[in-house]
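Participant: Need a 3D model of the following:
(4 chains)
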Number of protein chains: 2
Amino acid sequence: MTLAPPEFCTCLALRQAARHVSQFYDQHLAPSGLRITQFSILAKLKARGPLTINSLAEALVMDPTTLGRNILPLQRDGLIAVVRGVGDRRSKELRLTDIGLERLNEAWKYWAAAQAGFDAAFGSRQDSELRTLMRTVASTELVAE
Amino acid sequence: MTLAPPEFCTCLALRQAARHVSQFYDQHLAPSGLRITQFSILAKLKARGPLTINSLAEALVMDPTTLGRNILPLQRDGLIAVVRGVGDRRSKELRLTDIGLERLNEAWKYWAAAQAGFDAAFGSRQDSELRTLMRTVASTELVAE
DNA sequence: TTGACATAGCCGCATATGCAGGTATATTAG
DNA sequence: CTAATATACCTGCATATGCGGCTATGTCAA
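Facilitator: Predicted coordinates:
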């Protein structure tokens, strides 16, 4: 059984879809000055309260190193506060600031427009199936031997 | 109807899944010295013959600027040849070299292991559905007004 | 022919991604 | 208590991503 890689590569298919949709969301979010990655970080911090880099990275299915760099622009712009962990001084606690919350709320409507736009184009029934499937994929245990 | 962004963001779900799966494929591909993006470029060039940056970018659902940069390491390592277009001298023709083909063939088996590994973990029936769905997503017309 | 417009790819800028390997702090075995 | 180990984060490296605006080339109409 021979599979032709480019045509049947699941990873490529996923990346293409992610690129395509990310571009759409980013275009919608542009007036807010946030990208979809940054919006996701702020939204997660709002939903789950202060988090360390490790725990937030896990929640976002992101490498901690990557997150550690992604927070820098947000910190620079005062959207999040980064403080030394009290219990564990190795860790850093990330917290949404008032300014961050304000920016998040402003970006919210642009996000909603993007989500609605995708929904309209793709079909809201399929859309919710898609999210469910993506969550399954993201939580599928994959171990390279 | 209010949706909570982080939990129901289709874009975030897609990106998370793409990150998760890409990491897995990249780990498998590591011994070949290629990343999944590079593998995809070489594979597409093999399948479709010489292509310009624009046409290859479209085939890969990638911004031409991005592709223009992604080919640089491949060109540097002699895996692809880049020549001025004959008909249209603005364009560049990308062609897989013999070395590139060799590398691609070597990477092939690592790719196959990754694909098989994902298939085993995720379920081959769901896997093929997933690819189909991703292609639908990637080809869904999305226009930010 | 030549001027207006379109197109292919480029550069600068900023962010996104993750591996290897390092430091500082915490935890735990002896 | 201290030495071994584990953990949280960081740095350097390399690639990935796409926008805005640029140059060079091509096309087409006046």
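
Participant: Could I get the full set of strands for chain A?
Facilitator: A:51-52, A:80-84, A:92-96 (DSSP state E).

Participant: Let me have these in CSV, extended by distance to DNA strand C and mean neighbour count.
Facilitator: For every residue, glycine as well, the C-beta is placed using N, CA and C. Listed next are those as CSV, based on distance: least, CB to the nearest atom of the strand, whole Å; neighbours: other CB atoms under 10 Å in any protein chain shown:
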stretch, distance to DNA strand C, mean neighbour count
strand A:51-52, 12, 19
strand A:80-84, 9, 14
strand A:92-96, 11, 20
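
Participant: Give me the distance between the residue lying closest to A:Ala59 once chain neighbours are set aside and B:Arg84.
Facilitator: If the residues on either side of it in the chain are set aside, A:Ala59 comes closest to A:Lys44, at 5.7 Å by CB to CB, 6 or more residues apart in numbering or on different chains. Remark: distance between A:Lys44 and B:Arg84 (CB to CB, to the nearest Å) = 48 Å.

Participant: Could you tell me how far A:Ser124 is located from chain B?
Facilitator: Per CB to the nearest CB, to the nearest Å, A:Ser124 is found 10 Å from chain B.

Participant: got CSV for the strands of chain A, with distance to DNA strand D and mean pLDDT too?
Facilitator: As requested, the strands of chain A are exported to CSV (distance: least, CB to the nearest atom of the strand, whole Å; pLDDT from 0 to 100):
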stretch, distance to DNA strand D, mean pLDDT
strand A:51-52, 3, 98
strand A:80-84, 7, 97
strand A:92-96, 4, 98
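
Participant: Could you quantify the relative orientation of the biggest helix by length in chain A and strand A:92-96 as an angle?
Facilitator: Longest helix in chain A by number of residues, with DSSP state H as the criterion: helix A:98-122. In terms of direction (axes from the mean of the first three to the mean of the last three CA atoms, to 10 degrees), helix A:98-122 departs from strand A:92-96 by 70 degrees.

Participant: was I right about A:Arg135 contacting B:Ala13?
Facilitator: Yes: counting by CB atoms under 8 Å, B:Ala13 is a contact partner of A:Arg135 at 6.0 Å.

Participant: and the two? which has more neighbours close in?
Facilitator: Ranked by neighbour count (other CB atoms under 10 Å in any protein chain shown), A:Arg135 and B:Ala13 place B:Ala13 first, with 23 against 15.

Participant: anything in the longest helix of chain A sitting right up against chain B?
Facilitator: Yes: Helix A:98-122 comes into contact with chain B (CB under 8 Å from any CB of the partner chain), by way of A:Trp108, A:Trp111, A:Ala112, A:Ala114, A:Gln115, A:Gly117, A:Phe118, A:Asp119, A:Ala121, A:Phe122.

Participant: what residues does that helix touch?
Facilitator: A:21, A:24-25, A:27-34, A:39, A:42-43, A:45-46, A:74, A:77-80, A:96, A:127, A:130, B:3, B:5, B:8-11, B:136-137, B:140-142, B:144 (CB atoms under 8 Å, 6 or more residues apart in numbering or on different chains).

Participant: Verify the stated contact: A:Ser22 with B:Leu14.
Facilitator: Yes: between A:Ser22 and B:Leu14 there is a contact at 7.5 Å, judged by CB under 8 Å.
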